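# Predicted model, plus sequence, below.
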Amino acid sequence: MDKQKTVAMIGDLSGAPGVSGFEDEAVKLIRHYGGDLGSIAEDAMRNLYIKRPGGEGCPVLMLDAHSDEVGFMVKAIRPNGTLEFIPLGGWVPANVSAHRVLIRNALGLWIPGVIASKPPHYLSEAEKKAPPDLAAMVIDVGAVSDREVQEEYKIPLAAPVVPDVRFEYNEKQDTMMGKAFDNRLGCAALIATLDALKDKSPGVSITGAFAAQEEVGLRGAEVTAQAVRPDIAISFEGCPADDTVVDSYAVQTALKKGPMLRHIDMKMITNPRFQALALSTAREKNIPVQEAVRSGGSTNGGIIHLTGKAVPVIVIGIPVRYAHTHYGISAYADFENAVKLACEVIQKLDEKTIRSF
């Protein structure tokens, strides 16, 4: 894996606007970076598939990642020119206000704005003590009327809105900062895995599936899992790190400690036999790895493992501090080890092994 090129790919994918339902620009970049890794297909939902050549007659391995990010959608235009909005995906209201965003207008241009709320000077004491409320926030692009928004800025109802964040890589600390690490890190890991395996001959037929609309209910995976019909699957995720938010003894998804393998979440109990293979492979190859038991959250694995028949699925998560905010922080080493682990696990898969799960 060429680190410089991989960091550049991560940066491009992170910067691409692509909230749920509007993944076009992210998918275009995935096509660009994965175009020579297999045959490409796309469906009307903007799910994209890369089928690796070879593996005819072998069990089907699905590599999954979702291409969408959390963001917003314009709900209404007020007479004073500010924009009401709704969330796309899970946001904590306290993390939303006073950040820059980009709104796609009717011409396909991205218009900068800021998420505003009532200044403290005009808040009553009760309002000051009340928790933040998304319904009370608006987006301000600098317009002074609804006419100006519609005719000059050409912003329509239902326009997608994304965080306006510039990707940064700190070479000295080997850390990355940017938006949409959930799950453009997973998309980059899937591409990097296919690239690392291009000269290998594993005992499985591999299709990479980049699913749309994961952040609004795992919707894209409902389609990709049916289209691919896998015998086994690996889901790459940008998983919320916990090393700054829980007691030290409870940390299971820390930066610079390796990828995370989750045993359970709200939608899936991970196949324990496939999980055991992944954990033993990590130990054998000296790849740092973390284990997690999650009572919340879910991944596309929750859909994939129930498709058609029981499909063994593991989730390889790359820790992301402050997921579902404007800014995520991740370590490149965790990304690199996620790809290494996936490649080592894949090379151990064949029909007999999969049957044993």
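Received the coordinates, thanks. Numbering: from 1, shown residues only.
# Show me the helices in this structure, by range?
Under the criterion DSSP state H, the chain contains helices at 3-15, 24-34, 125-129, 146-151, 181-196, 219-228, 272-284, 301-304, 332-346, 351-356.
# Dump these into CSV; add distance to Ala116 as well.
Heads up, the C-betas are built off the backbone N, CA and C, glycines and all. Output for the helices of the chain, formatted as CSV (distance: least, C-beta to C-beta, whole Å):
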stretch, distance to Ala116
helix 3-15, 24
helix 24-34, 26
helix 125-129, 15
helix 146-151, 14
helix 181-196, 25
helix 219-228, 31
helix 272-284, 46
helix 301-304, 36
helix 332-346, 35
helix 351-356, 53
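# Could you tell me the least trusted of the ones you listed?
Lowest mean pLDDT within the helices of the chain: helix 125-129, at a mean of 89.
# What ranges in this structure fall below the confidence cut-off?
Within the chain, no stretch has pLDDT under 70.
# now with 90?
In the predicted model, the chain carries pLDDT under 90 at residues 1, 54-55, 117-120, 123, 127-130, 136, 308-309.
# What are the buried residues along stretch 146-158?
For stretch 146-158, the buried set under the neighbour-count rule, 16 or more other C-beta atoms under 10 Å, comprises Asp146, Val149, Gln150, Tyr153, Ile155.
# Report the contact partners of Lys118.
Neighbour list for Lys118: Glu127, Ala136 [criterion: C-beta atoms under 8 Å, 6 or more residues apart in numbering].
# re the thing from before, which of the helices of the chain has the highest mean neighbour count?
Comparing the helices of the chain by mean neighbour count (mean count of other C-beta atoms under 10 Å), helix 181-196 comes out on top with a mean of 28.
# Could you export it as PDB, keeping only the C-alpha atoms?
Presented in PDB, the C-alpha positions along helix 181-196 are these (Å, rounded to 0.1, in the frame of the first residue of the first chain):
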ATOM      1  CA  PHE A 181     -14.800   9.200   8.200                       C
ATOM      2  CA  ASP A 182     -18.000   7.200   8.900                       C
ATOM      3  CA  ASN A 183     -17.800   5.800   6.400                       C
ATOM      4  CA  ARG A 184     -15.400   7.000   3.700                       C
ATOM      5  CA  LEU A 185     -12.600   5.300   5.700                       C
ATOM      6  CA  GLY A 186     -14.500   2.100   5.100                       C
ATOM      7  CA  CYS A 187     -14.800   2.900   1.400                       C
ATOM      8  CA  ALA A 188     -11.100   3.500   1.200                       C
ATOM      9  CA  ALA A 189     -10.300   0.300   3.100                       C
ATOM     10  CA  LEU A 190     -12.400  -1.700   0.700                       C
ATOM     11  CA  ILE A 191     -10.600  -0.200  -2.300                       C
ATOM     12  CA  ALA A 192      -7.200  -0.700  -0.700                       C
ATOM     13  CA  THR A 193      -8.100  -4.400   0.100                       C
ATOM     14  CA  LEU A 194      -9.100  -5.100  -3.500                       C
ATOM     15  CA  ASP A 195      -5.900  -3.400  -4.600                       C
ATOM     16  CA  ALA A 196      -3.700  -5.500  -2.200                       C
END
